[in-house]
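>>> quick one: sequence and predicted model below, then my questions.
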Amino acid sequence: MNVRREALNVKRLKILITDRLSEQGVEILTREEDIDVEVNTDLSHDELVACIGEYDALIVRSGTKVTSEVIEAADRLKVIGRAGVGVDNVDVRAATRRGILVVNTPGANTISAAEHAMTLILALSRNVAPANMSLKRRNWERQKFTGVEVYNKTLGIIGLGRIGTEVAKRALGFGMHVMAADPYISPDRAATLNIRLVETSEIIEKADYISFHVPLTQETYHLLGEKEFAAMKDGARIINCARGGICDEKALYNAIASGKVAGAALDVYEHEPPLDSPLLELDSVLTTPHLGASTEEAQINVAIEIANQVVNAFRGLPVRNAVNMPPVSPADAEKVRPYVELAEKLGSFQSQLMEGHITEVRIDYSGEVIEHTTEIVSIALQKGLIEPFLGETVSYVNAPLIARERGIKVVETKSSTVEDFANLVSVTVKTDRGEKRVAGTIFGKKDARIVRIDNYHVDVVPSGYMLVISNQDRPGVMGALCTLLGKFNINIAAMSLGREQPGGEAVVVLNLDSVVPREVMEQVRSLGNIWEARLVDLH
């Protein structure tokens, strides 16, 4: 991910954008020297299948359907960026099987979506849309459009994520009582928001307004059906700015037509556009054409965030919102990023030194590193460990799966204390021929070092070409090695020596400015008092 592409003559990265994206996001991508961007919003599904094999990343909104057929044809694809919240138009499972990272932007349009939901609640309560149309037809029908106050009414929110929380805050500001159903929110967290945490069934039975803020899944599909409408209090109102299909539209129509439900405000539909839906015929149904994220601010925020995430994914950096890999919060991203980079290099370093078949990998975290999210750090380490053997097919997405499939046991431990360093990431790789331990640390905010190889203390920058030597600590060994490298114009950038005692066994690591050819490596190994020599490439 961090290779210098131009220097290595690797093909330029190509990104395809198939839905409208604000120019601010496109500009971020086009500023990257090794990235080519193509925008084509008129592709049919078959045309997308035919051309997707040429691209390294695909950016979509809700219009493009990234099916398994598209993914199977995507020979080069590394990243799918969904500029928006839901990924129901992306076959995430198929992408994961192919090792393709899927990212979205759930936070970029939070405020816009929450404001739209609140707008619909108020407009529905005061019959704004039908009253507006009536007056424009030159009718004055004040009595016909008498509304209700939201003050002192109960709003039931199903899904208390980012958007649901923002809706709750605004509803509380209008004097509403708020209850919410969300199995992944603790009662303590809900209490701090002045929200009562309940089961979905209680919301259905007691709420005056029900607003959805959940993704469309097998569990949420037709969450409201005939049974649920029958259990509601008379005169309830339904708001859906989340995903079409959460509410059974036929059952909703019947509930409104019968008078059981006073009305509904819908921004999303099971089939879009819903031009043949009978719900459009009801005056008590307020409809908008999927406008939840359609503000200037949200469009810009979404475009900028998805562009940055795609670039970060290409560079091997943490991404904020990966759908099929552990997330890193914006607050933690910059702090954990140096550990992610260190861990991937430690894994790669190990894989190029070890011998035999891996049976177990033990990752020990010590000191300050445990204050951050370590799951993505462990994934980065596994990626670094496996990638030298399997190449670009290994990603942050499928590295743990590949390790499991290959019978590699991964064990993690954490300790708050560590000797000599503020933080330490230690990796012990066990094989059928023994084990090897490598440890690294971060000095300051981002200065990575390898500080231990087996029992030897070293101080090595994990970067570029590295020559790792096991030798007898005798005078003249390093002189002969340096003379040999100089003969072939191989410059030494840095050197670190680790030994337990003078004259005993030692390890030497040389940072080099260029690769050591195979025939030169054979000459290195033939030098006196050198037992083993390995060339490591951490580009």
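Right, received. Where do you want to start? The structure presented is a predicted model; accordingly, all values stated were derived computationally and were not measured.
>>> next up, the contacts around residue 26.
17, 37, 39, 303, 307 (Cβ atoms under 8 Å, 6 or more residues apart in numbering). The way it works is simple: take the backbone N, C-alpha and C, and place the C-beta from them, glycine included.
>>> for residue 86, see how far away the first one is.
As judged by Cβ to Cβ, to the nearest Å, residue 17 and residue 86 stand 18 Å apart.
>>> just the mean pLDDT for the helix or strand hosting residue 507, thanks.
Here residue 507 sits within strand 505-512, counting by DSSP states H and E. Averaging pLDDT along strand 505-512 yields 96.
>>> so residue 336 is in which element?
Assigned by DSSP H and E, residue 336 belongs to helix 330-353.
>>> what about the residue nearest to residue 129 when sequence neighbours are not counted, how many residues nearby?
Spatial nearest neighbour of residue 129, excluding adjacent residues (Cβ to Cβ, 6 or more residues apart in numbering): residue 286 at 5.1 Å. Residue 286 has 22 neighbouring residues, counting by other Cβ atoms under 10 Å.
>>> packing partners of whichever strand or helix holds residue 286?
Using DSSP H and E, residue 286 sits in strand 285-287. Contacts defined by 3 or more Cβ pairs under 8 Å, 6 or more residues apart in numbering; DSSP states H and E place strand 285-287 against helix 110-125, strand 261-266.
>>> next, the buried residues of stretch 366-382.
By 16 or more other Cβ atoms under 10 Å, the buried positions in stretch 366-382 come out as 366-369, 372-374, 376-382.
>>> out of the residues you listed, list just those in helices.
376-382 (DSSP state H).
>>> so what sits opposite the residue nearest to the spatial centre of the chain in the bridge?
For the chain, the residue nearest the mean C-alpha position is residue 322 (1.2 Å; Cα atoms, centre = their mean). Here residue 322 sits in beta bridges with residue 103, going by DSSP bridges.
>>> most neighbours, which of the contacts of residue 26?
Busiest of these [other Cβ under 10 Å] is residue 307, holding 28 neighbours.
>>> quick check, pLDDT for that one.
96.
>>> what's the answer for residue 161, then?
80.
>>> swap in residue 15?
97.
>>> does it touch residue 39 like I think?
No. With contact defined as Cβ atoms under 8 Å, residue 15 does not reach residue 39; the gap is 9.3 Å.
>>> run a quick neighbour tally on residue 506.
Count around residue 506 with other Cβ under 10 Å applied: 21.
>>> helices along the stretch 401-539 of the chain, start to end?
Ranges of helices within the stretch 401-539 of the chain are 477-487, 518-526, based on DSSP state H, counting those that start in this stretch.
>>> deepest-packed of the ones you listed, please.
helix 477-487 (a mean of 15; mean count of other Cβ atoms under 10 Å).
>>> test my guess that residue 351 contacts residue 385.
Yes. If you go by Cβ under 8 Å, residue 351 and residue 385 touch, sitting 4.9 Å apart.
>>> so which of those two has more stuff around it?
residue 385 (29 against 17).
>>> for that one, give me its contacts.
The contact partners of residue 385, taken as Cβ under 8 Å, 6+ apart, are 347-348, 350-351, 358, 361, 403, 429.
>>> same thing but at 7 Å, please
347, 350-351, 361 (Cβ atoms under 7 Å, 6 or more residues apart in numbering).
>>> what's the pLDDT at it?
Model confidence at residue 385 (pLDDT) stands at 90.
>>> are we agreed that it is in a helix?
Yes. Looking at residue 385 with DSSP: H, G, I helix; E, B strand; the rest coil, it is inside a helix.
>>> doesn't residue 50 lie inside a strand?
No. Under three-state DSSP, residue 50 falls outside any strand and is assigned helix.
>>> name the nearest residue to it, ignoring sequence neighbours.
residue 73 (7.6 Å).
>>> ok so, going back, can you put the buried residues of stretch 366-382 in JSON lines and add distance to residue 480 and pLDDT?
JSON lines is the format used below for the buried residues of stretch 366-382 (distance: Cβ to Cβ, whole Å; pLDDT from 0 to 100):
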{"residue": "366", "distance to residue 480": "38", "pLDDT": "94"}
{"residue": "367", "distance to residue 480": "39", "pLDDT": "93"}
{"residue": "368", "distance to residue 480": "41", "pLDDT": "91"}
{"residue": "369", "distance to residue 480": "39", "pLDDT": "92"}
{"residue": "372", "distance to residue 480": "44", "pLDDT": "84"}
{"residue": "373", "distance to residue 480": "47", "pLDDT": "81"}
{"residue": "374", "distance to residue 480": "43", "pLDDT": "90"}
{"residue": "376", "distance to residue 480": "43", "pLDDT": "87"}
{"residue": "377", "distance to residue 480": "39", "pLDDT": "93"}
{"residue": "378", "distance to residue 480": "41", "pLDDT": "94"}
{"residue": "379", "distance to residue 480": "42", "pLDDT": "91"}
{"residue": "380", "distance to residue 480": "38", "pLDDT": "90"}
{"residue": "381", "distance to residue 480": "35", "pLDDT": "95"}
{"residue": "382", "distance to residue 480": "38", "pLDDT": "93"}
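>>> residue 525 touches residue 533, doesn't it?
Yes. Look at residue 525 against residue 533 with Cβ atoms under 7 Å: they come within range, at 4.9 Å.
>>> so what's the residue nearest to residue 492 when sequence neighbours are not counted up against?
Nearest non-adjacent residue to residue 492, counting by Cβ to Cβ, 6+ apart: residue 510, 5.3 Å away. Residue 510 makes contacts with 466-467, 492, 495, as judged by Cβ under 7 Å, 6+ apart.
>>> just the buried members of the residues you listed?
Those of the contacts of residue 510 that meet the buried threshold are 466-467, 495, by 16+ other Cβ under 10 Å.
>>> next step: those restricted to strands.
466-467, 495 (DSSP state E).
>>> all strands for the stretch 51-200 of the chain, in order.
Using DSSP state E, counting those that start in this stretch, the strands of the stretch 51-200 of the chain run over residues 57-60, 79-82, 101-104, 154-158, 177-181, 196-197.
>>> now these as CSV including mean neighbour count and distance to residue 291?
CSV is the format used below for the strands of the stretch 51-200 of the chain (neighbours: other Cβ atoms under 10 Å; distance: least, Cβ to Cβ, whole Å):
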stretch, mean neighbour count, distance to residue 291
strand 57-60, 27, 19
strand 79-82, 28, 18
strand 101-104, 25, 19
strand 154-158, 25, 20
strand 177-181, 22, 23
strand 196-197, 17, 30
